[in-house]
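J.: Can you look at this prediction? I've put the sequence above it.
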Amino acid sequence: MINFIAKRLLGLLPTLLIVGFLVFLFVHVLPGDPARLAAGPDANQETVELVRKDLGLDKPLPQQFIRFVRGVLHWDFGTSLRTKRPVSTEIADRFMPTFWLTLWSMIWSVVIGMAIGIVSAVWRNKWPDRVGMTLAVSGISFPAFALGMVLMQTFSVQLGWLPTVGDDTWRHYVLPSLTLGAAVAAIMARFTRSSFVEILGEDFIRTARAKGLDERRVVIKHGLRNALIPVVTMMGLQFGFLLGGSIVVEKVFNWPGLGRLLVDAVDMRDYPVIQALVLLFSLEFILINLVVDVLYGIINPVIRYR
Amino acid sequence: MNEAPTATPTPTPLLSDERVRTPWAEFWRKFKRQRVALVAGAFVVLLVIVAIAAPWITPYDAENYFDYEQLNARPSASHWFGVDALGRDIYSRLLMGARISLAAGFLSVAVGAIVGTILGLLAGYNEGWWDRIIMRIADVLFAFPGILLAIGIVAILGGGMANVIVAVAVFSIPTFARLVRGNTLALKHLTFVEAARSLGASDWTIIFRHIFPGTISAVIVYFSLRIGTSIITAASLSFLGMGAQPPTPEWGAMLDAARADMLTAPHEAIFPALAIFVTVLAFNLLGDGLRDALDPKIERR
């Protein structure tokens, strides 16, 4: 198992390098001169040259890339053009709110999504299935930002049950995590249903029924574990979706997280922040997929790690 | 763009001239049993007609008509969906917005599907180096969550709807490439491909005349489901202020503008939200129906 993880981590290196290289190139394909951007609009030519030297932008590209990689390894992403603070501090300040938001969304959407999916599969083509699948297809069709606005209007403004903006108490998390998780819950429900329907038609389920097990045990003990395998893969993919979705949801709820930092950074052309965030998001996504691969093996004993 | 018809949901010409009991007839027999998908498909057709005819059927000019007497007015007989904060007719803006959203969704997915399908066919058929390079690129593209990739592209190219379409197209490519590659790998070892090769057919002929038709049903299903996602992504980018700029009547941008007046004029947000929801729902239901009609696995059960 440890061998497998180490191997997979090594296998990540090329992908990470390519991603890193693209992120590095990002500055050079941006329209405009990065040194001038960093020096500010009022700087004279001399200052711009000084900044260029300071940022190492006067050196040849390969040397710049090595410098960039070394910086990343030392957790040094440069200084934000907007706030003049180190990018790493900016990110550290904003990391936890986004992390908790994503995690809560994932937890509730997986639990609810799988519950709906299982119920739909067991009562296939009956009314629980129809209700569940109608909910699910609506969930994937309703854009998160619209859902967020509707929820905030109803529960915070009209009814006054929950706070509107900020991240101080658990009550602040309810609406944003519901908004962010809705689409994922819907996708999980659809996916769990089709996975379960397939499993329930297998021979070993018929055998389990034939030997007189009651239906609940058949579903939970024999069906669930097997149906979970594709569902776990799906979960990993959805994490990426959540990371992306958080960008939109954070704008709606004015959430002090990474997503809003990214949107502001794109608005202000704050390229060191954009670079670091894109790198961070990709790294998270890649690592989550690794975790999914490992989980996959724990659930499915057929897969042996080599 | 002249290859677009190969990926639209009407595979008639490609498939029908091959057998007597045509796949098209077979598809239609199964598809017409899907009531919901039929309604959704009809709705999509209606939307397309409305979008094309929008300039002639909007009661007011969507961008340049300002009714200062009725700022933020609720829906009425003269303004069916009400008036926005600048005095523009929301119904007219929604109709014009349908053009933008449908064009964005359709164009971006069409580009993604064409490029992705070609790459997938090449990767699956040639394996070896081609495969490794193409799939590695797809992996890297997959390493970015979709909307993040789109934001990165918009950050480089600048805002605006055209760049949003490019951005959404780029992140549709790997999905199609993977899907088609998987199908190609499965198909190319089948006897009919072997037979074609033994008759001396060139690689080109084998790929496009024999393998491609086998992948098309999967591509069509994905195409429809993907349009829904793309419309939402394009609207999200506009909502974030990176896509269509005011006064363009794009649905996401309209929702963003409506945020300021949520308390006094909720209809300014409700109607664009409903427009996105209903449109995406129609494409998703259509896609589900197409999948059920085209998937051979479902027939067996």
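T.: Done, it's in.
J.: Excluding chain neighbours, what is closest to residue A:223?
T.: The shortest distance from residue A:223 to any non-neighbouring residue, by CB to CB, 6 or more residues apart in numbering or on different chains, is to residue A:199 (5.3 Å). C-beta: built from backbone N, CA, C; applies to glycine.
J.: same question, residue A:266
T.: If you skip the residues right next to it in sequence, residue A:266 has residue B:155 as its closest partner in space, 4.8 Å away by CB to CB, 6+ apart.
J.: ok, that neighbour touching residue A:274?
T.: Yes. Counting by CB atoms under 8 Å, residue A:274 is a contact partner of residue B:155 at 5.9 Å.
J.: Please enumerate the shared neighbours of those two.
T.: A:26, A:266 (CB atoms under 8 Å, 6 or more residues apart in numbering or on different chains).
J.: Kindly state the pLDDT recorded for the residue nearest to residue A:266?
T.: Predicted confidence (pLDDT) for residue B:155: 77.
J.: Contact partners for it?
T.: A:26, A:30, A:266, A:269, A:274.
J.: Mind checking what helix or strand follows the helix or strand hosting the residue nearest to residue A:223 in sequence?
T.: For residue A:199, the element it lies in under DSSP states H and E is helix A:170-200. Going down the chain from helix A:170-200, the next helix or strand is helix A:203-210, by DSSP H and E.
J.: From the chain's centroid, how far away is the helix or strand just after that next one?
T.: Per DSSP H and E, helix A:203-210 leads on to helix A:215-217 as the next helix or strand towards the C-terminus. Taking CA atoms, centre = their mean, to the nearest Å, one finds helix A:215-217 lying 35 Å from the centre of the chain it belongs to.
J.: With stretch A:175-187 instead?
T.: 12 Å.
J.: hmm, who's touching it?
T.: Contact with stretch A:175-187 is made by A:101-102, A:104-106, A:108-110, A:112-113, A:116, A:135-140, A:142, A:144, A:147-148, A:151-152, A:155-156, A:162, A:234, A:238, A:241-242, A:245-246, A:249-250, A:252-253, A:255, as judged by CB under 8 Å, 6+ apart.
J.: Pull out the buried residues from those.
T.: Restricting these to buried positions leaves A:101-102, A:104-106, A:108-110, A:112-113, A:116, A:135-137, A:139-140, A:142, A:144, A:147-148, A:151-152, A:155-156, A:162, A:234, A:238, A:241-242, A:245-246, A:249-250, A:252-253, A:255, with burial counted as 16 or more other CB atoms under 10 Å in any protein chain shown.
J.: quick one: low-confidence parts of the stretch 101-250 of chain A?
T.: A:166-167 (pLDDT under 70).
J.: Helices of the stretch 201-301 of chain B, start to end?
T.: Ranges of helices within the stretch 201-301 of chain B are B:203-205, B:212-239, B:251-258, B:267-294, B:296-300, based on DSSP state H, counting those that start in this stretch.
J.: so who does the nearest residue to residue A:50 once chain neighbours are set aside touch?
T.: Using CB to CB, 6+ apart and skipping the chain neighbours, the partner closest in space to residue A:50 is residue A:39 (7.9 Å). Neighbour list for residue A:39: A:47-48, A:50-51 [criterion: CB under 8 Å, 6+ apart].
J.: Close to chain A: what parts of the stretch 51-200 of chain B are there?
T.: Residues of the stretch 51-200 of chain B that fall close to chain A, judged by CB under 8 Å from any CB of the partner chain: B:136, B:139-140, B:143-148, B:151-152, B:154-156, B:158.
J.: In helices, which of those fall?
T.: The helices, defined by DSSP state H, take in B:136, B:139-140, B:146-148, B:151-152, B:154-156 from these.
J.: any idea which residue sits dead centre in the chain?
T.: Assuming you mean chain A. Compute the mean C-alpha point of chain A, and by CA atoms, centre = their mean the closest residue is residue A:243, 2.6 Å away.
J.: Actually, chain B is the one I wanted.
T.: Nearest to chain B centroid, counting by CA atoms, centre = their mean: residue B:227, 2.0 Å.
J.: Hmm, residue B:107 and that one touching each other?
T.: No. Look at residue B:227 against residue B:107 with CB under 8 Å: they stay out of range, at 10.1 Å.
J.: Quick check: buried residues in the helix or strand harbouring residue B:107?
T.: Using DSSP H and E, residue B:107 sits in helix B:90-126. For helix B:90-126, the neighbour count (16+ other CB under 10 Å) marks B:90-102, B:104-125 as buried.
J.: From the contact counts, what lies against it?
T.: helix B:35-57, helix B:128-142, helix B:161-187, helix B:212-239, helix B:251-258, helix B:267-294 (3 or more CB pairs under 8 Å, 6 or more residues apart in numbering or on different chains; DSSP states H and E).
J.: Specify the angle between it and helix B:161-187 in degrees.
T.: 40 degrees (axes from the mean of the first three to the mean of the last three CA atoms, to 10 degrees).
J.: pLDDT of helix B:90-126, averaged?
T.: Mean pLDDT, computed over helix B:90-126, is 90.
J.: measure residue A:287 to chain B for me?
T.: Distance, residue A:287 to chain B, using CB to the nearest CB, to the nearest Å: 11 Å.
J.: and the longest helix for chain A?
T.: helix A:87-122.
J.: got the contact list for residue 212?
T.: No chain was given, so I picked chain A. Neighbours of residue A:212 in contact, by CB under 8 Å, 6+ apart: none.
J.: Let me rephrase: I mean chain B.
T.: Going by CB under 8 Å, 6+ apart, residue B:212 touches B:117, B:121.
J.: okay, it: pLDDT?
T.: Residue B:212 carries a pLDDT score of 87 in this model.
J.: hang on, the earlier thing: could you check how far the helix holding residue B:107 is from the centre of its chain?
T.: Mean-position distance between helix B:90-126 and its chain equals 5 Å (CA atoms, centre = their mean).
J.: Chain B: which of the contacts of residue B:155 is nearest?
T.: Nearest to chain B, judged by CB to the nearest CB, of these is residue A:266 at 4.8 Å.
J.: and the closest one, what element?
T.: Per DSSP H and E, residue A:266 falls inside helix A:258-268.
J.: And the next helix or strand after that helix, what's buried?
T.: Moving toward the C-terminus from helix A:258-268, the next helix or strand (DSSP H and E) is helix A:271-299. Residues of helix A:271-299 classed as buried by neighbour count (16+ other CB under 10 Å): A:271-286, A:288-289, A:292-293, A:295-296.
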